[in-house]
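> Structure of the sequence below:
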Amino acid sequence: MVSLLALLAPLLSLWLWSPLIPSHRRAFWWCVAITTVLGTAPALLIYAMRNEVLDFGLLSHLQLVSGTLFAAIALGLVLCTVRDLLWLAVRAWRGPRSAAPWRRPRWTATGMVALVLLSTYGTIQGTRLPEVREHTVTLPRLPAALDGLRIAVLADIHATPVNNATYVQGLVERTNAARPDMVVLPGDLIDGDAPTQSGNIAPLAGLQAPLGVWSAPGNHEYYSGYDAWARVFQRLNLNYLANEARVLDVRGHRLAISGVGDPAYGRLSQQNADPQVPEGVPPDVVTVARQAQAGGAELHILLGHQPKMARSYAPHGIDLQIAGHTHGGHIRGMDQWIVAPANDGFVRGLYEVGAMRLFVSSGAGLWPGFAVRLGVPSSIDMLVLRRAAP
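Residues are numbered from 1 along each chain as shown. Coordinates of the predicted model:
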């Protein structure tokens, strides 16, 4: 999504700085050029990452800075809209020659300085270690003996040299302290290549839960050498489920926990064993539903990274899909008109999708390419399963 939005940077730059044209034409073109470069930088850094043009440690820190400035430019769209709607309203009311102080250059410049400061604050918020947030999830088919089952969700960690092993160790300590019955990691655990970056998630081996730790792929695993990362996850005892279901005996009942591949399947990566051959698997909910049914599951929990797939998963006997991917929408307000439409209307929290419940985590980590969070904090989510009232 960031790459697509970056394509609009030149047009937004022209609109943003248009008040400079009458009296500061040279400054106008300088501002347009600088804003365009900063607006397209995140897409260029994604290209550099996927093609190993820069050292990943350096690149991830550059992404953090460019993502902050990109957020300010994106918020500039709101500034432009409000500024020019007020201008048009005054012209319509008082006549075309009416003065409109907010169209003066200094107001646009002051507004952009304020937005850079706001985005910087959002990045500081986005890089903080998240708190544990509890959510009650009522499931119609939950056996009475499983009422109160606690499932910790660590979604979208995106471990990098920015949120490195120290950050991940903090996630592990806070999760273990909450004493979950099960821990799930529904994708996007990492960024970068496994040989040099696997140490960033090494602390995940310390996660503890009586019913185990379970993980599934997200789209970023496909960008970074799927097979190599799958071996790392298994070595860390994360029980990596890709189109696979496991049936557990829990308090005298049969509980299926499954994971599916991601729709990002088919993308090529320089980190693949053969960069010309895709790795991993596409999502196959039919297979995991069949496995759960064959195991006599009374309740089926699915780890499916992208929430936009929920309507296609719901008819297959899934009781609860746990997803991530959206990071909760990042910025309250913009979440509903940018992120939600791109994810079939799902952005964060609990939804009913037919007979299935969908929980979309706001994420426990940060992607350096856009770490800004305003009104949408990251979180370690604790799902407390409850039996529906008869």
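> What ranges does the stretch 101-250 of the chain have for its helices?
For the stretch 101-250 of the chain, the helices defined by DSSP state H, counting those that start in this stretch cover 105-126, 165-177, 194-197, 219-223, 226-235.
> For T287, which of these is the nearest?
Between T287 and the helices of the stretch 101-250 of the chain, the shortest separation by Cβ to Cβ is 17.2 Å, and it involves helix 226-235. Where you see a C-beta, it was placed from the backbone N, CA and C, and this is true even at glycine.
> Mean pLDDT, mean neighbour count and distance to A89 for the helices of the stretch 101-250 of the chain - can I get that in JSON lines?
Converted to JSON lines, those look like this (pLDDT from 0 to 100; neighbours: other Cβ atoms under 10 Å; distance: least, Cβ to Cβ, whole Å):
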{"stretch": "helix 105-126", "mean pLDDT": "94", "mean neighbour count": "17", "distance to A89": "16"}
{"stretch": "helix 165-177", "mean pLDDT": "98", "mean neighbour count": "17", "distance to A89": "47"}
{"stretch": "helix 194-197", "mean pLDDT": "94", "mean neighbour count": "16", "distance to A89": "52"}
{"stretch": "helix 219-223", "mean pLDDT": "94", "mean neighbour count": "24", "distance to A89": "43"}
{"stretch": "helix 226-235", "mean pLDDT": "96", "mean neighbour count": "19", "distance to A89": "53"}
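> Any chance of CSV for those helices, columns distance to N51?
Below are the helices of the stretch 101-250 of the chain laid out as CSV (distance: least, Cβ to Cβ, whole Å):
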stretch, distance to N51
helix 105-126, 25
helix 165-177, 26
helix 194-197, 15
helix 219-223, 11
helix 226-235, 17
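> Which one of these lies nearest to I331?
That would be helix 105-126 among the helices of the stretch 101-250 of the chain, by Cβ to Cβ, at 7.2 Å.
> And that closest one, how far out from the chain middle?
A distance of 23 Å separates the centroid of the chain from that of helix 105-126, by Cα atoms, centre = their mean, to the nearest Å.
> Using CSV, list the CA coordinates for it.
C-alpha atoms of helix 105-126 as CSV (Å, rounded to 0.1, in the frame of the first residue of the first chain):
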residue,chain,number,x,y,z
PRO,A,105,2.4,30.3,2.0
ARG,A,106,3.3,30.7,5.7
TRP,A,107,0.1,28.9,6.8
THR,A,108,1.0,25.9,4.6
ALA,A,109,4.6,25.9,5.8
THR,A,110,3.5,26.1,9.4
GLY,A,111,1.0,23.3,8.9
MET,A,112,3.6,21.0,7.5
VAL,A,113,6.0,21.7,10.3
ALA,A,114,3.2,20.8,12.7
LEU,A,115,2.5,17.6,10.8
VAL,A,116,6.2,16.6,10.9
LEU,A,117,6.2,17.0,14.6
LEU,A,118,2.9,15.1,14.9
SER,A,119,4.3,12.2,12.8
THR,A,120,7.5,12.2,14.9
TYR,A,121,5.4,11.8,18.0
GLY,A,122,3.5,9.0,16.2
THR,A,123,6.7,7.2,15.5
ILE,A,124,7.8,7.4,19.1
GLN,A,125,4.4,5.9,20.0
GLY,A,126,4.8,3.2,17.4
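> which residues are in contact with that helix?
16-17, 19-20, 23-24, 27, 64, 67-69, 71-72, 75-76, 79, 83, 101, 330-331, 366, 371-374, 377-378 (Cβ atoms under 8 Å, 6 or more residues apart in numbering).
> According to the record, where do the domains of the chain fall?
For the chain, automatic domain parsing gives the domain ranges 2-126, 131-387.
> Return the most buried member of those domains.
domain 131-387 (a mean of 20; mean count of other Cβ atoms under 10 Å).
> Would you check that P275 makes contact with G225?
No - between P275 and G225 there is no contact under Cβ atoms under 8 Å: 9.5 Å.
> what's the overlap in contacts for these two?
S269.
> Between the domains of the chain, pick out the one with the smallest average pLDDT, please.
Among the domains of the chain, domain 2-126 has the lowest mean pLDDT, at a mean of 87.
> Just give me how far that one sits from the chain centre.
23 Å.
> That'll do, ta.
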